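Colleague: just coords:
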């Protein structure tokens, strides 16, 4: 026997893989559970596909937001870092240039001053080295200090006293000292008197005495042979008074750094630089530089001018607008610590800004993470040949290295990276919100549409098996019109394509009609007829489901069903017989129950059954 269908349903039989769940009811058991509806597989697939696409979209959106926000933040941070590095490079270049120009000005001024003193002494026919006094020394030196832009420098005029001149030195000091003392006191506005200064003046070349533990023991006359480097005049005079009796006549070679520096100046007749150390009031070491300017006569060294260069004051007076939080490391090619008390390496560190400078320590204290941003400048390079430098003496080359600080870098940091990142996140958040709203309204429309489709599919499922239904859906997906989903019964015309038809050789057909129905129905209201047929056929449907029998149709009081399709069943004849037996019994029980409602002759109705194999 063959059967043909054009639209799917969901009436599942035993062994079905696409319909409702399996049940195995015995012949005499209770009534089976109501049929369960299963949505079409295509709908499930499409819903899962849409859900997967949405999840993928949100995942990509989240990753895009994270990537864009991170990239924006890093780019803005990198921009601020570049701005900071560029600004410091310009600032460091300006600082190093100004520092070098200032050092050059100091050396040039010292050289010009030495030429002036030598010329002045040479023009005086009565002057004879070392018995020389620079007239108006305080006033002249004060102008030099203004030129080199130093507020508290110390200038010392030191002639070289030969051995044969030592006896006349005492008389010269006694005669000349009161003159330049008075000039200095008047020029500097000092309230001391010449008499007070003369009481601290000794008529011989002297030095300090120390014991084996370096404890001061007193003032001693120098007993070593000349020539001796002796201080003669000092600016400011207050600086000499602070050093005790170092007004005039002191043997400057007591200081090892000056003694070695003198060796270089004597052999080269050129400027030299060294470092000097004193203790501050707290016991700390103050390190300054000592610049030695030679004074010559007829190509011979006859004296020097010493300038004490305070580096802290040097950096405080750079006067650069915008200078902020910069570490200046002064490096020397020689050990800075010279002498028996201290050995402090070869670096000095200062923190400088537009308001001044602070001494940080006697070592390199800059932050190592800024090594790549260093701005270097050579401040002093005497550039002497090896043959010109006495053995055991080091002529320092001074280099200034500038580094930024974290405070300086933080001053370039703004809220822009966070602000721009927030804007990017807000844009993506707005985009997501628009998408969600769009998805919500589209989803609501789709749900309405799918509700309609599902309802129509439920109707079809009550007519056709799930296998036929799914085959028709597959045909739809291969190119049938979309309208066919909204017209499952083919009411709108040809659905397109060839009909679905299968050959089933092993089937059994059952026909059942109600004997006496015509006479009974003619005496009843239409509603009563409908109640009878609906009740009886509903019970038949349950029995058909129990025995895996497929209901084909009902025509009036005739009920047509078949076993062995759409799923093959080797026991199709047995299933039909059992189904028929149950229907006969059900007919009798049902009519007896309906007799009260439909009339006394309702129970007299009987079921006629025919089976064809």
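Modeller: All right, it came through fine. What you see is a predicted model; the values in this text were computed from it and never measured. Numbers count the residues shown, from 1 in each chain.

Colleague: give me the element residue 611 is part of.
Modeller: Secondary-structure assignment from DSSP states H and E places residue 611 in strand 606-612.

Colleague: For that strand, which strands pair with it and how are they oriented?
Modeller: Sheet pairing here is set by DSSP bridges, and for strand 606-612 it gives strand 508-515 (antiparallel).

Colleague: Run the chain-centre distance for the strand it pairs with.
Modeller: The chain centroid and the centroid of strand 508-515 are separated by 84 Å under C-alpha atoms, centre = their mean, to the nearest Å.

Colleague: could you point out which element follows it?
Modeller: Per DSSP H and E, strand 508-515 leads on to helix 517-522 as the next helix or strand towards the C-terminus.

Colleague: Pull out the buried positions in that following helix.
Modeller: 517, 520, 521 (16 or more other C-beta atoms under 10 Å). Backbone N, C-alpha and C define where each C-beta goes, glycine included.

Colleague: would a markdown table of the residues you listed with distance to residue 560 and pLDDT be doable?
Modeller: Output for the buried residues of helix 517-522, formatted as a markdown table (distance: C-beta to C-beta, whole Å; pLDDT from 0 to 100):
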| residue | distance to residue 560 | pLDDT |
| --- | --- | --- |
| 517 | 15 | 90 |
| 520 | 21 | 91 |
| 521 | 19 | 89 |
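
Colleague: Quickly name whichever of these is closest to residue 138.
Modeller: Distance to residue 138, by C-beta to C-beta, is smallest for residue 521 among those, at 146.1 Å.

Colleague: mind giving me JSON lines with the buried residues of helix 517-522 and columns for distance to residue 231?
Modeller: Converted to JSON lines, the buried residues of helix 517-522 look like this (distance: C-beta to C-beta, whole Å):
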{"residue": "517", "distance to residue 231": "149"}
{"residue": "520", "distance to residue 231": "151"}
{"residue": "521", "distance to residue 231": "148"}
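
Colleague: what about residue 510, how many neighbours?
Modeller: 24 (other C-beta atoms under 10 Å).

Colleague: hmm, I was thinking of residue 118
Modeller: Neighbour tally, residue 118, other C-beta under 10 Å: 18.

Colleague: Quick one: residues contacting it.
Modeller: The neighbours of residue 118, taking C-beta atoms under 8 Å, 6 or more residues apart in numbering as the test, are 295, 296, 297.

Colleague: cool, and residue 262?
Modeller: With contact set as C-beta under 8 Å, 6+ apart, residue 262 has these partners: 229, 252, 253, 292, 304.

Colleague: That one and residue 122: what is the separation?
Modeller: Distance, residue 262 to residue 122, using C-beta to C-beta, to the nearest Å: 22 Å.

Colleague: number of nearby residues for the residue nearest to residue 147 when sequence neighbours are not counted?
Modeller: Distances taken as C-beta to C-beta, 6 or more residues apart in numbering put residue 109 closest to residue 147, at 5.0 Å, once the chain neighbours are dropped. When neighbours are defined as other C-beta under 10 Å, residue 109 has 20 of them.

Colleague: just to revisit the earlier point, where neighbours are concerned, which of the contacts of residue 118 has the most?
Modeller: Neighbour max across these (other C-beta under 10 Å) = residue 295, 24 neighbours.

Colleague: Could you look up the SS state of that one?
Modeller: Classification of residue 295 using DSSP: H, G, I helix; E, B strand; the rest coil returns strand.

Colleague: still on that earlier bit, which parts of the strand holding residue 611 are buried?
Modeller: Of the residues in strand 606-612, 607, 609 count as buried by neighbour count, 16+ other C-beta under 10 Å.
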